[in-house]
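Asks: coords please:
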Amino acid sequence: MTAITALRSSIATALADNTKYSVFSFPPATPIANSVIVTPADPYIEPNNNDYTSISPMANFKISILVPLLDNEGNLAGIEADVVKVFQLLEASSIVFRVGSVSAPSVLSVPSGDLLTCDIAVSTLTEWS
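Replies: As a prediction, the model looks like this:
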């Protein structure tokens with residue numbers, strides 16, 4: 001799974017924007033506001049043999065965007081700005097993605113306070129090692 005682990009780290013690196021949010025290539029112990037987290041989606045890995053000569057893994061990831069839960073308008077504007085930024089950075093990266101939908105924002109309660117979060121689904125064909 002080293003290629004898939006490296007891919008997850010590469011996606012996180014491509015999404016870096018230290019002026020707007022922190023980026024994690026793994027689920028942090030405690031999610032924090034103003035962060036983007038790249039984690040496995042469900043299903044995580046789908047074997048793919050489109051060319052019928054080999055089997056390659058399709059890796060599915062979830063990009064979670066977290067902002068502080070302030071007020072309805074401020075939160076939605078903040079999370080929408082981050083979604084746009086993530087799409088811009090995905091487009092600018094050299095990784096070939098299949099981008100899925102963006103989930104509706106929802107509230108995530110953590111010990112540090114409530115967060116507004118949404119997820120973006122992405123998939124990419126990769127290698128086993």
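Asks: which ones are touching residue 24?
Replies: 12, 35, 36, 37, 38 (C-beta atoms under 8 Å, 6 or more residues apart in numbering). C-beta: built from backbone N, CA, C; applies to glycine.
Asks: may I see the buried residues of the longest helix seen in the chain?
Replies: Longest helix of the chain, by residue count under DSSP state H: helix 72-92. Within helix 72-92, the residues that count as buried by 16 or more other C-beta atoms under 10 Å are 75, 78, 79, 82, 83, 85, 86, 89, 90.
Asks: tell me which of the residues you listed has the lowest pLDDT.
Replies: Least confident entry in these, by pLDDT: residue 75, with 86.
Asks: which non-adjacent residue is nearest that residue?
Replies: Leaving out its chain neighbours, the residue that sits closest to residue 75 by C-beta to C-beta, 6 or more residues apart in numbering is residue 116, at 4.5 Å.
Asks: helix or strand: which one has the residue lying closest to residue 79 once chain neighbours are set aside?
Replies: Of all residues not flanking residue 79 in the chain, residue 67 sits nearest, at 4.9 Å (C-beta to C-beta, 6+ apart). According to DSSP states H and E, residue 67 maps onto strand 56-68.
Asks: ok, that strand: who's next to it in the sheet?
Replies: strand 35-48 (antiparallel), strand 113-125 (antiparallel) (DSSP bridges).
Asks: for it, what is the average pLDDT?
Replies: 94.
Asks: what angle separates it from helix 72-92?
Replies: Per axes from the mean of the first three to the mean of the last three C-alpha atoms, to 10 degrees, the angle that strand 56-68 makes with helix 72-92 is 150 degrees.
Asks: can you give me how far strand 56-68 is from the chain middle?
Replies: 3 Å (C-alpha atoms, centre = their mean, to the nearest Å).
Asks: now the angle between strand 56-68 and whatever helix or strand residue 13 lives in, please.
Replies: According to DSSP H and E, residue 13 maps onto helix 2-14. If you take the same axes, to 10 degrees, helix 2-14 sits at 30 degrees to strand 56-68.
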